[in-house]
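> Fold the stuff below for me.
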Amino acid sequence: MTLFSRIFFAAGLLVSALFFTGCSSTPVDPVFANHLAAAEVARLNVGDILTITLSGPPEEITPHIETIKEDGTITMNSIGHVPAVGKTAGELQNIIHDLYVPKFYTHLTVSVSTGDRVYYVRGEVKQPGRQLYLGETTVTRAIASAGDFTDFANKQKVWLIRGKHKLRVNCEEVSDHPEKDPLVYPGDQILVDRQLF
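The predicted model follows:
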């Protein structure tokens, strides 16, 4: 085989590979884009209930308990709104500490803990309602935790709802394409539509 023939053959293989694997992809809503891969650490979300304990100053400070608001913040005495969504508990501890020290206190220890972390499965599942978030889970596993689909479920029309954003999931495609099974986070809602007959 001549050098030209080898180059031509290699180029033909490359073009064939690109043609059969496809070059286009469907755009994903940016709210859900980072949830198509596994999460490295638990991040705080809207709806998480936080208990913030401040210790160190001579006067006792009552623990602050608050649900993360729709705008992604909590409100702390003296420092006002603090961004919380997307942070780990440790990152939020550091942010709160740095906002209080040295402006309000010379020494302060901040502890952030979360209450029960839950998500909700509604619609055509056998046991709809609140589910405890025990760690990384996906839409199909969340549906299984709610007793699985009813006989009337439209498996092609399942909605993952996060705040004001909705992502449609086709659960029939997930067995062949597990990458299309997005991760579920605390505060999320999953809604399984009913089939139309």
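> Identify the bridge partners of the residue lying closest to residue 139 once chain neighbours are set aside.
Closest residue to residue 139 in three dimensions, ignoring its sequence neighbours and counting by C-beta to C-beta, 6 or more residues apart in numbering: residue 169, at 5.1 Å. No exception for glycine: its C-beta is placed from N, CA and C like everyone else's. Judged by DSSP bridges, the bridge partners of residue 169 are residue 158.
> was I right about residue 169 contacting residue 179?
No: between residue 169 and residue 179 there is no contact, the gap being 11.8 Å when judged by C-beta atoms under 8 Å.
> who has more neighbours, the two?
When neighbours are counted by other C-beta atoms under 10 Å, residue 169 and residue 179 differ, and residue 169 comes out ahead with 23 against 9.
> ok, now how distant is that one from residue 190?
The spacing between residue 169 and residue 190, counted by C-beta to C-beta, to the nearest Å, is 8 Å.
> hey, what's in contact with both of those two?
Contact criterion C-beta atoms under 8 Å, 6 or more residues apart in numbering; residues shared by residue 169 and residue 190: 139, 158, 159, 160.
> Which parts of the protein are helices?
Secondary structure of the chain (DSSP state H): helices located at 3-21, 30-33, 89-100, 139-145, 171-174.
> Least reliable of the ones you listed by average pLDDT, please.
Least confidently modelled of the helices of the chain is helix 3-21, at a mean of 52 by mean pLDDT.
> Can you mark which positions in stretch 62-73 are buried?
For stretch 62-73, the neighbour count (16 or more other C-beta atoms under 10 Å) marks 64, 66, 68, 72, 73 as buried.
> ok, now stretch 124-139?
Result for stretch 124-139 [16+ other C-beta under 10 Å]: buried residues 124, 125, 128, 131, 133, 137, 138, 139.
> Assess the claim that the first one and residue 191 are in contact.
I take that to be residue 124. No: in terms of C-beta under 8 Å, residue 124 does not count as a neighbour of residue 191; the distance is 9.1 Å.
> domain assignment for this structure?
What automatic domain parsing lists as the domains of the chain is 49-114, 117-194.
> Select, out of those, the one closest to residue 43.
Nearest of the domains of the chain to residue 43, taken as C-beta to C-beta: domain 49-114 at 5.4 Å.
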